[in-house]
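# have a look at this prediction, sequence included:
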Amino acid sequence: MTEDEFKYLHILIIDDEAFMRKLIERTLGDIGIGIISQAANGREGLSLLQSAKSKVDLVICDLEMPEMNGFDFVKQVRNSTDERFDSEVPILILTGHADEETVRGAANLGINGYLVKPISRKSLEGRILKSIKTSAAKN
């Protein structure tokens, strides 16, 4: 994927920590991502998916959040029949937990990747590329 292609991607960040959302937004901007949306929890993220003016190409979602956590968000998206968004949208989980049980639980829900905080630009860019390519290959 070229820098020009990155600028057309729309990525949704879902995290309850404003500082973390800002950090991820800045890193995505450095990578060249053109459209970035943000939500403070899974419920807001689901609402943004449903009302987005442009197709969301990838979601980066924290696991532990109030109102609707990352596990519940992924379940809602993957089991949705809502035609306003793609239920197969690539989802990267971002969390501070690297234990095997948490990783396996998230993977069983149908996520496309897993990043442990703190993240680096290189790891984030690699996961984005892998998720987008895998998603494109399915379609």
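Sure thing, it's come through. Residues are numbered from 1 along each chain as shown.
# going forward, measure contacts and count neighbours with C-alpha atoms only.
OK.
# tell me where the model's unsure across this structure.
Where the chain drops to pLDDT under 70, the residues are 1-3, 139.
# quick one, strands of it?
10-14, 35-39, 58-62, 91-95, 113-116 (DSSP state E).
# longest helix in this structure, please.
helix 121-138 (DSSP state H).
# and it, C-alpha only, in PDB?
Output in PDB follows, covering the C-alpha atoms of helix 121-138 (Å, rounded to 0.1, in the frame of the first residue of the first chain):
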ATOM      1  CA  ARG A 121       4.400   3.500  14.600                       C
ATOM      2  CA  LYS A 122       6.100   0.500  13.000                       C
ATOM      3  CA  SER A 123       3.900  -2.100  14.700                       C
ATOM      4  CA  LEU A 124       0.700  -0.100  14.100                       C
ATOM      5  CA  GLU A 125       1.500   0.400  10.400                       C
ATOM      6  CA  GLY A 126       2.300  -3.300  10.000                       C
ATOM      7  CA  ARG A 127      -0.900  -4.400  11.600                       C
ATOM      8  CA  ILE A 128      -2.900  -1.900   9.500                       C
ATOM      9  CA  LEU A 129      -1.300  -3.200   6.300                       C
ATOM     10  CA  LYS A 130      -1.900  -6.800   7.200                       C
ATOM     11  CA  SER A 131      -5.500  -6.200   8.200                       C
ATOM     12  CA  ILE A 132      -6.300  -4.200   5.100                       C
ATOM     13  CA  LYS A 133      -4.600  -6.800   2.800                       C
ATOM     14  CA  THR A 134      -6.400  -9.700   4.500                       C
ATOM     15  CA  SER A 135      -9.700  -8.000   4.200                       C
ATOM     16  CA  ALA A 136      -9.200  -7.100   0.600                       C
ATOM     17  CA  ALA A 137      -8.300 -10.800  -0.200                       C
ATOM     18  CA  LYS A 138     -11.600 -12.000   1.300                       C
END
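# helices or strands next to it in the packing?
Contacting helix 121-138 under the criterion 3 or more C-alpha pairs under 8 Å, 6 or more residues apart in numbering; DSSP states H and E are the following elements: helix 18-31, strand 58-62, strand 91-95, strand 113-116.
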